[in-house]
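Asks: take a look and give me a structure for this.
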Amino acid sequence: MTVFFRSIYFFPSLVALTFVAIIWQAFFQTDAGVINYYLGQLGIAKIGWLNDQAYSKLSVLILDTWKNSGMSMLLILAGLQNVDQGLLEAASIDGANVVQRFFKIIIPVASPQIFFVLVMNVTGALRIYESIYVLTNGGPGDSSRSLVMLIAEKGFTSFDYGTASALSIMLLILIGIVTVFQFVGSRWWVHYE
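Replies: Take a look at the predicted model:
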């Protein structure tokens with residue numbers, strides 16, 4: 001049964017992001033969308049997921065979280081399977097409760113995989129393009145436009161290669177700074193053994 005649920009959680013990672021975004025675009029429609037239909041059944045007013053500046057970023061966040069949670073689950077599950085059951089039994093015999101075993105044994109053993117997932121998801125969020133392009137095309141206005149989308153527009157639509165190159169270097173530096181901060185911060189909570 002656990003294999004079935006793992007497969008369900010991992011399935012979105014197998015489907016191309018463009019197809020997933022098209023499906024979610026249908027879910028997020030204001031008048032005919034599935035989400036607004038069920039919100040209406042609960043007595044909640046329709047939300048302009050893709051048309052309202054307040055909700056356009058949220059709709060992209062929901063899509064990307066759903067799409068990437070399967071791979072994150074798989075990687076963290078691999079870390080959790082490294083936990084030695086004998087160590088957990090010994091801690092239980094010594095009087096450690098479930099919460100203590102979770103925070104003192106399970107999290108430290110799985111911390112390298114958790115850190116890897118954190119770095120990959122944060123850098124992936126900084127490089128987001130496809131889901132925004134398909135869902136909102138950067139709109140309404142510029143509310144959901146990302147730096148990568150701006151780079152693509154400058155380079156391939158306006159043919160302003162200098163600005164696109166400068167923005168690309170800025171994105172590289174930004175990703176580098178964020179990653180360095182993550183690696184420096186990991187010294188206190190990631191345990192390699």
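Asks: pLDDT at W66, what is it?
Replies: At W66, the model reports a pLDDT of 92.
Asks: and the gap between it and R145?
Replies: 21 Å (Cβ to Cβ, to the nearest Å). (Glycine included, C-beta is placed from N, CA and C.)
Asks: more crowded one of these two?
Replies: R145 (17 against 12; other Cβ atoms under 10 Å).
Asks: quick one: contacts for the nearest residue to the more buried one once chain neighbours are set aside?
Replies: What sits nearest to R145 in space, not counting adjacent residues and going by Cβ to Cβ, 6 or more residues apart in numbering, is G138, at 3.7 Å. Residues counted as contacts of G138 (Cβ atoms under 8 Å, 6 or more residues apart in numbering) are 132, 144-146, 149.
Asks: out of those, which are inside helices?
Replies: Residues of the contacts of G138 located in helices (DSSP state H): 132, 149.
Asks: for the contacts of G138, work out which two are farthest apart.
Replies: Maximum pairwise distance in those, criterion Cβ to Cβ, is 8.6 Å, between S144 and M149.
Asks: so what sits against both of those two?
Replies: 132, 138.
Asks: in the top helix by length along the chain, what's buried?
Replies: In the chain, taking DSSP H as the definition, the longest helix is helix 53-80. Within helix 53-80, the residues that count as buried by 16 or more other Cβ atoms under 10 Å are 55-56, 59-60, 62-64, 67-68, 70-73, 75, 79.
Asks: what does stretch 153-166 give?
Replies: Across stretch 153-166, burial judged by 16+ other Cβ under 10 Å covers 153-155, 164.
Asks: how about that stretch as CSV, C-alpha atoms only?
Replies: These are the backbone C-alpha positions of stretch 153-166, laid out as CSV (Å, rounded to 0.1, in the frame of the first residue of the first chain):
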residue,chain,number,x,y,z
GLU,A,153,12.2,38.6,-23.0
LYS,A,154,15.3,40.9,-23.2
GLY,A,155,17.3,38.3,-25.1
PHE,A,156,14.9,36.6,-27.4
THR,A,157,12.1,39.1,-27.9
SER,A,158,13.8,42.5,-27.7
PHE,A,159,17.2,41.2,-28.9
ASP,A,160,18.8,43.3,-26.2
TYR,A,161,21.7,40.8,-25.6
GLY,A,162,23.7,43.1,-23.4
THR,A,163,20.9,43.6,-20.9
ALA,A,164,20.0,39.9,-21.0
SER,A,165,23.7,39.0,-20.3
ALA,A,166,23.9,41.4,-17.4
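Asks: thanks again, I'm all set now.
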